[in-house]
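Participant: The sequence and its predicted three-dimensional model are supplied below.
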Amino acid sequence: MPREIRPRVLLTYSRSLMALTAAQSLSDHGIDVVGCDSVDMTVLQFSKHCRGHKLVADHRDDPDAFIEDLIKAADALRPRGDAPFVLMPIFEETSIIARHAGRLRAAGLTVAAPDERSIIQVEPKDKLPAAAEGAGVNFPRTVHPDSKSALEAALESLNFPLITKPVRGVGGRGVARHDSAAKLKTWIDAKPPQTRAEWPLVQEAAPGDDYCFCALCENGELRAWMTYRSLHGFPPKRGAGVLRETVDSAPFREEAAKLLRHLNWSGVCEIDYRWTGKPDDKPSLIEVNPRFWAGLFQSVASGVDFPWLLYRQVTGDPVLEPPRVTIGRRSKVPLLAFLSAAQAISEEEAYFKTLSERWDKLADRDQKGFGAFISGLFDVKSLGAYLKALGATREQTADAATDFIPLDDPGTTLGVLFVLSSLIRRGELPPELRFDD
């Protein structure tokens, strides 16, 4: 009998847990998945859900070479017959792929990315205020100064605390909070911007907690959606969510629908909101990410299989009924969840700083060092607070699904070497797991 010709999807950024989630989803629906990335030894490469892996140029270093490599991959991997062949971008390379969608379609790929005309209304971030105003949605007052004098003028009408964020960037990198004009100016002076593009956006801090509204749209109309919030971030207070909980989308749906209709959005996106939790308060739009999101596992585990729904949409099988969402579902990246609790205490207590100083003395063979270190280790107040935080985190994560290595796919454990090598070589986590100061 002739071998069945299966649909094929080329997934980018195969180093990420997002790509692994997408591969699991698509593979379970009978689709061959091939990953690609500019690095070897990725999470996806070792997964049983992946049929192959292609090395491509880094989209940040050489976008043109990246696109050329995708076209070459398409030529090499194209399935026989008329089986669907989809390019599904995962992370920040989505915008570059959208920009070159015409060339990629000419190479025989169905491009599962939003239209570039929609993306450029929200990216770079200095475009978003105009889009929010055009859509008539709630958005914190935001300015983009290009000089110290412009900053001084802006500060006269803005209310502290203020948030600064880079015009370009993903994963919240470079976001900072400032409680006074003096602190903001000191922060600016530490690394003076040289061009308008280097000047950050300055935004009034919206009250409430962070929520992520995740959506699939077709021609501006919502087809599927869900919302989760981060119970813990790493680093705490500004980092990527490492313990997430699915919540009711009702407080966000109307605002999101107005914005996405205004943008005529097609495809997936994730919208960051801040909300007080009070029914009479509208959520504040913070950011639109024109791509998949770090908590994709959380979305799928909650009943909304975005990779599969996106594949269906771009191959002519539109989503007619939104999937049912499991409210209250929790997921975690276990190691980072506990690091988050540990760092939260270290930021509030002198416990770890004291231990570090005493350890240094111990290492220098200070005669009193050992006793001082042991004394510090069993400081009742500080150690008690730390253990209490770890206990609370353990209780919060006890019933959470693990957003890391699937038990039925142990080969992906080898892909974790990428995370470890990133820490060793660069001293930092990969972008989708990291928020920089």
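Facilitator: Yep, that arrived.
Participant: can we go C-alpha only for contacts and neighbour counts from here?
Facilitator: OK.
Participant: In this structure Leu109 contacts Ala74, no?
Facilitator: Yes - counting by CA atoms under 8 Å, Ala74 is a contact partner of Leu109 at 7.0 Å.
Participant: between these two, which one's more packed in?
Facilitator: Neighbour count, other CA atoms under 10 Å: between Leu109 and Ala74, Leu109 has more, with 24 against 19.
Participant: quick one, phi psi at that one?
Facilitator: Dihedral pair for Leu109: phi -100, psi 140, per degrees, to the nearest 10.
Participant: confidence score at it?
Facilitator: Predicted confidence (pLDDT) for Leu109: 98.
Participant: cool, Leu259 as well?
Facilitator: Turning to Leu259, the model gives it a pLDDT of 98.
Participant: secondary structure element for it?
Facilitator: helix 250-263 (DSSP states H and E).
Participant: how distant is that helix from the center of its chain?
Facilitator: In this view, helix 250-263 has its centroid 20 Å away from the chain centroid, taken as CA atoms, centre = their mean, to the nearest Å.
Participant: Give the buried residues for that helix.
Facilitator: The neighbour-count check on helix 250-263 (16 or more other CA atoms under 10 Å) flags Pro251, Phe252, Arg253, Glu255, Ala256, Ala257, Lys258, Leu259, Leu260, Arg261, His262, Leu263 as buried.
Participant: Wait, a strand at Glu287?
Facilitator: Yes - Glu287: assigned to a strand according to DSSP: H, G, I helix; E, B strand; the rest coil.
Participant: on that earlier part again, and which of the buried residues of helix 250-263 is nearest to Lys127?
Facilitator: Lys127 has its nearest neighbour among the buried residues of helix 250-263 in Leu263, at 12.0 Å by CA to CA.
Participant: Nearest residue to that closest one in space, please, no chain neighbours.
Facilitator: Nearest residue to Leu263 in three dimensions, chain neighbours excluded: Ser118, at 5.4 Å (CA to CA, 6 or more residues apart in numbering).
Participant: Tell me which other helices or strands the strand or helix carrying Lys54 touches.
Facilitator: Using DSSP H and E, Lys54 maps to strand 52-55. Using 3 or more CA pairs under 8 Å, 6 or more residues apart in numbering; DSSP states H and E, the elements in contact with strand 52-55 are strand 32-37.
Participant: Given the strand it packs on, what are its sheet partners and their directions?
Facilitator: strand 8-11 (parallel), strand 52-55 (parallel) (DSSP bridges).
Participant: average pLDDT for it?
Facilitator: Mean per-residue pLDDT for strand 32-37: 97.
Participant: Also stretch 310-319?
Facilitator: According to the model, stretch 310-319 has a mean pLDDT of 96.
Participant: Show me what that stretch is in contact with.
Facilitator: Contact with stretch 310-319 is made by Pro84, Val86, Thr110, Val111, Ala112, Leu216, Arg223, Ala224, Gly267, Val268, Leu309, as judged by CA atoms under 8 Å, 6 or more residues apart in numbering.
Participant: at 10 Å what do you get?
Facilitator: With contact meaning CA atoms under 10 Å, 6 or more residues apart in numbering, stretch 310-319 is reached by 9, 26, 31, 84-88, 110-113, 216-218, 222-224, 266-268, 306-307, 309, 320.
Participant: What of stretch 119-128?
Facilitator: 94-95, 98-99, 113, 116, 129-132, 134, 139, 142-144, 165-169, 197, 200-201, 262-265, 269, 285-291.
Participant: Please list only the buried members of those.
Facilitator: 94-95, 98-99, 113, 116, 129, 131-132, 139, 142-144, 165-168, 197, 200-201, 262-265, 269, 285-291.
Participant: The residue nearest the centre of the chain: helix or strand, and which one exactly?
Facilitator: Note on the chain: the residue nearest the mean C-alpha position is Ala294, at 3.7 Å, using CA atoms, centre = their mean. Using DSSP H and E, Ala294 is not contained in any helix or strand.
Participant: Likewise for Phe297?
Facilitator: With DSSP H and E as the criterion, Phe297 is inside helix 296-301.
Participant: what helices or strands is that helix leaning on?
Facilitator: Helix 296-301 sits against helix 17-28, strand 209-218, strand 221-234, strand 240-247, helix 306-314, strand 330-332, strand 401-402, with contacts defined as 3 or more CA pairs under 10 Å, 6 or more residues apart in numbering; DSSP states H and E.
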